[in-house]
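[1] Next input, structure requested:
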Amino acid sequence: MTTYVYETIPQKAGQKPKKYELRQSMRDAAFTHHPETGEPIKRVLLGGFGYSGKSSYTKAVASGGGGCGCGHGGCPH
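    Numbering: from 1, shown residues only. Below you'll find the model as predicted:
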């Protein structure tokens, strides 16, 4: 089970969204309504660095190159 962040979809002007952490399987579709309250909600996409083993990024950094793929000399910008 994975924990996802959801927030309510404000129904009135000036209403602030409430955030929730809900657990569900990665195979399940995103909730559109809170399972207990029935409020309309949407999944919040969070940024971050996902690590999944030996990637080209990991190899580039390990060999002295930049993560952007510019090689050993880094980015010219």
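[2] Only C-alpha atoms from now on, for both contacts and neighbour counts.
    Will do.
[3] residue ranges with poor pLDDT in the protein?
    Counting by pLDDT under 70, the chain contains low-confidence ranges at 49-77.
[4] which residues of the protein fall in strands?
    Assignment of strands within the chain using DSSP state E yields the ranges 2-8, 19-24, 41-43.
[5] Go through those strands and pick out the most buried.
    Of all the strands of the chain, strand 41-43 has the most neighbours on average by mean count of other C-alpha atoms under 10 Å, namely a mean of 18.
[6] who does that one touch, helix- and strand-wise?
    Contacts defined by 3 or more C-alpha pairs under 8 Å, 6 or more residues apart in numbering; DSSP states H and E place strand 41-43 against strand 2-8.
[7] Sheet partners, orientation included, of the strand it packs on?
    Based on DSSP bridges, the pairing partners of strand 2-8 within the sheet are strand 19-24 (antiparallel), strand 41-43 (antiparallel).
[8] Distance of Glu7 relative to His34?
    9 Å (C-alpha to C-alpha, to the nearest Å).
[9] and for those two, which residues touch both?
    Counting by C-alpha atoms under 8 Å, 6 or more residues apart in numbering, the contacts common to Glu7 and His34 are Ile41.
[10] What number of residues are in the vicinity of Gly47?
    Neighbour count of Gly47, defined by other C-alpha atoms under 10 Å: 6.
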